[in-house]
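K.L.:
Pasting the sequence and the predicted coordinates here, then a few questions.
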Amino acid sequence: AFGSGIGTFAYGVSGTNIVGYFSDTNNHVHGFLYNGAAWTTLDDPLGVNGTFPQDISGSNIVGSYYDSSNDIHGFLYNGSAWTTLDDPLAVFSAFHGCVNEGISGSNIVGHYNDSNGTVHGFIYDGSTWTTLDDPSAASASGVGTLAQGISGTNLAGYYYDSSNHIHGFLYNGNT
């Protein structure tokens, strides 16, 4: 129900594997994995309103899905099992929740909405969730910090300032 017309959108790559999503003729969104020779459809069983893979590291795929209430949840798919993976501070309401955007090894980054609708970035290392807010980010409803990608300890994303301007950032988790 959340496609923007018929199309295919590639988002993450690891070796010869590419993940993304496509809209079918009913405008329903399905995830895909393309390994250079074959296409596999990826539909999170809880993602009745769409599955959106965003990144891949080895055989681990992260992304988001929309549930039957249109809440957004993050997922981790290891090639055989789907795991809902939501930041514990995320607050869910229609079209809000948790979005997993990037993965590097066991580190996952993304963003979530709090009870005020403010967006916060996060990194999850497999056991600990850490909120990442750019110091210059606004904290009003619908704006904040969005972590998009990770490679090793380097994290990239963007944030909205108090004038609603968008700025990119690079964060090195070691500093």
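P.N.:
Happy to help now that I have it.
K.L.:
remind me which residues of this protein are low pLDDT?
P.N.:
Confidence mapping of the chain against pLDDT under 70 gives the ranges 1-6, 174-175.
K.L.:
make it 80
P.N.:
1-6, 173-175 (pLDDT under 80).
K.L.:
can you give me the end-to-end distance of stretch 61-70?
P.N.:
Stretch 61-70 has an end-to-end distance of 21 Å (C-alpha to C-alpha, to the nearest Å).
K.L.:
Please identify the buried residues of that stretch?
P.N.:
By neighbour count on 16 or more other C-beta atoms under 10 Å, the buried set for stretch 61-70 is 61-67, 70. In short, each C-beta sits where N, CA and C put it, glycine included.
K.L.:
same thing with stretch 20-37?
P.N.:
For stretch 20-37, burial by neighbour count (16+ other C-beta under 10 Å) applies to 20-23, 28-34.
K.L.:
Sort out which of the residues you listed are in strands and list them.
P.N.:
Among the buried residues of stretch 20-37, the members falling in strands are 20-23, 29-34 (criterion: DSSP state E).
K.L.:
CSV for those residues, including distance to residue 108?
P.N.:
Listed next are these as CSV, based on distance: C-beta to C-beta, whole Å:
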residue, distance to residue 108
20, 17
21, 18
22, 23
23, 25
29, 21
30, 22
31, 16
32, 20
33, 18
34, 22
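K.L.:
Please verify my assumption that residue 58 contacts residue 14.
P.N.:
Yes. At 6.2 Å, residue 58 and residue 14 qualify as touching, with contact defined as C-beta atoms under 8 Å.
K.L.:
Which one's more surrounded, those two?
P.N.:
residue 14 (16 against 12; other C-beta atoms under 10 Å).
K.L.:
can you pull the contacts of the residue nearest to residue 82 when sequence neighbours are not counted?
P.N.:
The shortest distance from residue 82 to any non-neighbouring residue, by C-beta to C-beta, 6 or more residues apart in numbering, is to residue 44 (5.2 Å). By C-beta atoms under 8 Å, 6 or more residues apart in numbering, residue 44 lies in contact with 31, 51, 65, 75, 77, 82.
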